[in-house]
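[1] got a sequence here, can you build the structure:
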Amino acid sequence: MSRNQANGNPDFHPDTKFIIAARAGFRCSYPKCGKLLIGPGTESNKVTNLGDCGHIFAASPIGPRTNGGLNPQQLAGPQNGIFLCKHHHGLVDRRWSNNIHTSDMLIRYKDRHEFHISAEIGEHHYPMNWINAFSITNSSLFSAPLKIMLGKVTFIVGNNNTGKSLIMDVIYATLTRQLEPRLHRRNFRAECMLEFDNPILSRAEISMNHTGEFVYQMEDIKEAFLPYHVNVLFLRNKLTYSKDDLGDIVKCLRLSRSFLKTHLQNLDLKDGLYAKGIQIKEGRRKPYQIDLLYVRTESSKDFYMPFRYLSSSEQFLTIVDILVSLANHLAAFQTVLLLVDWNDLFHFDKDNMSKVLELLRSKSSMFQSIVASPHSYLHVDWTGWVIANLQGGVPNITVQQNTLD
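    Take a look at the predicted model:
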């Protein structure tokens, strides 16, 4: 029995340790380390494993971090473990006066490392430009600088008027050079910074204003564009109900009709939460052509149900399935960031919301996501998430995040 178990504290089961280590490729997950920690043992039927499985949220009451409110089962689960060499395990568990290695930071280290391991084994082919952080250093919107550290999935939580949607607008503008209408109306100007996990381009400083002028500065070079393209998908607009199913979904996803229609005709929904297949049937509504969607689910086998006959939750899940399948298809060739600021998402019950969040965090979703929400769904398991809490009201808001790096 381990010391933690003897003290009544959850420890990792040997099977769990193997999962944690194998997902890390038996390499240290600490940035810029990546040391291989497994190899031949002293005998032909033995192996040597020099790695440690560290707790992200502390399993011991005297640990270097809090338990995050997790129960013993969650503390002992693989999602709460990070694989490290002994040096870096000791480093992150050391009691620093400023609590330098926070749980939030370790979650981001783990996510980033596992993504790179997935790339090495051929799970995706495009070298993703992982975004470590986004900052608004000076702007007409907020009275003080704001910085949000990003993981694979980042949850921005705040009440009304805390600037969630404004921050999402600025992130979108930074990466696409497209201003949302509210930024035009606000006589908008901002200076921002993107920090990348990339040895060539580690940061880019961006200045923009309401006239649509963008300047990107990388070290001593100024450009009118960001050298590394990031394909941004933005789920925002409320689902409207007309006789044109495809047109309604196009408005939610902010994509061109022809692009989305082509995607739907070649759709892979093997990981879909609800939809397992979609058919499009063209129709007429004078003087316009309309496109009707028919959805097949796991329970309906080969039967396709008209989209307009589905319940609201089923329609919303179908849209999420379409968006995630598109993001994964693009992520095989490009860097993808998914932004979600969609009020319809927050009508989900606990079970459906948990499914959506787990899908975004899963290994099958090969992209980063940022989700904005007015509440944090207290009954959802947030183990492994990066959460940024917005406090105050525009323009006087602050970001509270369990990180210092």
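[2] tell me, what residue is most central in this structure?
    By CA atoms, centre = their mean, the mean C-alpha position of the chain lies nearest to residue 153, the distance being 2.1 Å.
[3] right, and that one touches residue 387 too?
    No. Using CB atoms under 8 Å, residue 153 is not in contact with residue 387, being 9.8 Å away. Just so you know, the C-beta spots here come from the backbone N, C-alpha and C atoms, and that holds for glycine as well.
[4] what sits against the residue nearest to the centre of the chain?
    With contact set as CB atoms under 8 Å, 6 or more residues apart in numbering, residue 153 has these partners: 357, 360-361, 368-371, 385-386.
[5] pull out the buried residues from the residues you listed.
    357, 360-361, 368-371, 385-386 (16 or more other CB atoms under 10 Å).
[6] single out whichever of these has the smallest pLDDT.
    The lowest pLDDT within the buried ones among the contacts of residue 153 belongs to residue 385, with 76.
[7] which SS state does the nearest residue to that one once chain neighbours are set aside fall under?
    Spatial nearest neighbour of residue 385, excluding adjacent residues (CB to CB, 6 or more residues apart in numbering): residue 155 at 5.5 Å. Using DSSP: H, G, I helix; E, B strand; the rest coil, the structure places residue 155 in strand.
[8] residue 155: neighbouring residues, count only.
    22 (other CB atoms under 10 Å).
[9] pretty sure it is touching residue 371, no?
    Yes. Residue 155 is in contact with residue 371 according to CB under 8 Å; the separation is 5.2 Å.
[10] who touches both of those two?
    By CB under 8 Å, 6+ apart, residue 155 and residue 371 have no common neighbours.
[11] centre of the chain to the lengthiest helix in the chain, how far?
    As assigned by DSSP state H, the longest helix anywhere in the chain is helix 312-331. Chain-centre distance of helix 312-331: 15 Å, with CA atoms, centre = their mean, to the nearest Å.
[12] which parts of that helix are buried?
    For helix 312-331, the neighbour count (16+ other CB under 10 Å) marks 314-331 as buried.
[13] cool, and stretch 131-143?
    In stretch 131-143, counting by 16+ other CB under 10 Å, buried: 131-136, 139, 141-142.
[14] just give me the closest of those to residue 283.
    Minimum distance to residue 283 across these is 41.4 Å, recorded for residue 131 (CB to CB).
[15] right, and the closest one touches residue 368 too?
    Yes. Counting by CB under 8 Å, residue 368 is a contact partner of residue 131 at 6.2 Å.
[16] just the helices from the stretch 51-200 of the chain, written as ranges.
    Secondary structure of the stretch 51-200 of the chain (DSSP state H, counting those that start in this stretch): helices located at 72-75, 86-93, 103-120, 164-176, 181-185.
[17] report the buried residues of the longest one.
    Of the residues in helix 103-120, those scored as buried under the neighbour-count criterion (16+ other CB under 10 Å) are 103-118.
[18] what's the answer for the first one, then?
    Using 16+ other CB under 10 Å as the test for burial, helix 72-75 gives 74-75.
[19] tell me how far it lies from the chain's centre.
    On CA atoms, centre = their mean, the centre of helix 72-75 falls 23 Å from the chain's centre.
[20] can you name the next helix or strand after the longest helix of the chain?
    Once the chain leaves helix 312-331, the next helix or strand it forms, by DSSP states H and E, is strand 335-340.
[21] quick one: strands adjacent to that following strand?
    strand 230-235 (parallel), strand 368-373 (parallel) (DSSP bridges).
[22] which one of those lies nearest to residue 49?
    It's strand 368-373; of these, that one is closest to residue 49 (CB to CB) at 30.7 Å.
[23] list of residues touching the very next helix or strand once past that closest one?
    Using DSSP H and E, the helix or strand that follows strand 368-373 in sequence is strand 386-393. Residues outside strand 386-393 that contact it (CB under 8 Å, 6+ apart) are 104, 107-108, 148-159, 161-164, 167, 376, 397-402.
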